[in-house]
Structure formats: structure tokens, C-alpha cells
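# sequence-free structure coming up:
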């Protein structure tokens, strides 16, 4: 499978590559893009170094599967309106307009939507939503839930590296008796 990952320098992008590698995902060719300062650097994947390029200069020919790991980083040719029939996009951080129209997939709940005649553009909700959906689907089958109120406290990691760095900085200041 020819795979492209946009936003490879984000926490999400780094974790995605680790998961693909640990599960021995059959990657024939890997295209890594990033709008940030890592452009030009190499990233190791399955024992091979792959250079990170900007989306503007990337060779997307033959790409079959695209993972978008950064808001506003998905190249135009992989947008919902431009998507070719032989490409599958999994948008892990879609903008709100796309998220409302694309198939939102939680495999434990609605995996039948994949390849069901819909476009090859899929979005994934936030991790807390995925976990809740998996549990709630089972509860709903058994008890036919009519109403549910949920409060979710999100991890700072969902804000990416900047969020983690901000938390670390604030923690260090507070531990040293300074105002955060």
C-alpha cells in the first residue's frame, strides 16, 4: 500500500507511524509531509529513512491511503470534493465543516460504513469520543439508552506538542514558586 502521512511532526503523526510500524502495516512506499520545520529531515520507518517534504512538493502519485494528522494540512487533491476513487483518506483532525459531512468511523461501532458506497473520505473523532462510543454502543444494545449526559476532560496531548510544552512550562514555574 502506498501511504501518505500529513503532519508527520505532530504527536498524532509520530504515534501513527509507531502504530503502523509495530503492526507491520504493509507499506510499499511512504510519503511524509509536514508544513513545519522538520521539512527536509528524515524519519525512520521499518528500518528505512524517509525524507519529510512539504505537501506542495510531495510526489503523491500512486498514493492509496492518506492519514491527515494536522489541522489544515491536507493537500487540496485529497479534499472531499477532489478525491479520486482509488484513494482512501482518514482524517484524524478534520475541520468542523468536513466532519459534519464525512463518514465518522469508530470501528467497534460502525465499521460497516467503510466501503459501503460512500466516498473514501473518513474522519475519526477525538480519542475520548472513540472510547465512549465503543462502551455506549454495547450499553445501548442492551438497555436502549434514551438520554445520556457526558462530561469529557481531555488530555493536554490533544493540543499537540505546543500544549504539552505549555503544560510543562507552567508546571515548572509553579514548582519553582513563580506565577504560571
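Nice, thanks for sending it over. Just so you know, these numbers come straight off a predicted model, no measurement behind them.
# Tell me who's in contact with residue 51.
32, 40, 41, 42, 43 (Cβ atoms under 8 Å, 6 or more residues apart in numbering). (C-beta placed from N, C-alpha, C; glycine too.)
# Could you check which helix or strand contains it?
strand 48-53 (DSSP states H and E).
# Run me through the strand neighbours of that strand, direction for each.
strand 29-33 (parallel), strand 42-45 (antiparallel) (DSSP bridges).
# TSV for the ones you listed, including distance to residue 159?
Formatted as TSV, these follow (distance: least, Cβ to Cβ, whole Å):
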stretch	distance to residue 159
strand 29-33	21
strand 42-45	22
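# most packed of those strands?
Neighbour counts (mean count of other Cβ atoms under 10 Å) averaged over each of those peak at strand 29-33, with a mean of 22.
# And the contacts of that one?
For strand 29-33, contacts defined as Cβ under 8 Å, 6+ apart pick out 2-8, 43, 45, 48, 50-55, 58-60, 62-63, 73, 75.
# Pull out the buried members of the residues you listed.
Among those, those scoring as buried are 2-8, 43, 45, 50, 52-53, 55, 58, 63, 73, 75 (criterion: 16 or more other Cβ atoms under 10 Å).
# Contacts only, for residue 122.
88, 89, 90, 91, 102, 103, 104, 105, 113, 114 are the contacts of residue 122 under Cβ under 8 Å, 6+ apart.
# Now the helix or strand of the chain at the bottom of the mean pLDDT ranking: buried residues?
None of the helices or strands of the chain scores lower by mean pLDDT, DSSP states H and E than helix 96-101, at a mean of 75. Neighbour-count burial for helix 96-101 flags residue 98 (criterion: 16+ other Cβ under 10 Å).
# Show the average pLDDT along the next helix or strand after it.
Using DSSP H and E, the helix or strand that directly follows helix 96-101 along the chain is strand 103-104. In this model, strand 103-104 has a mean pLDDT of 84.
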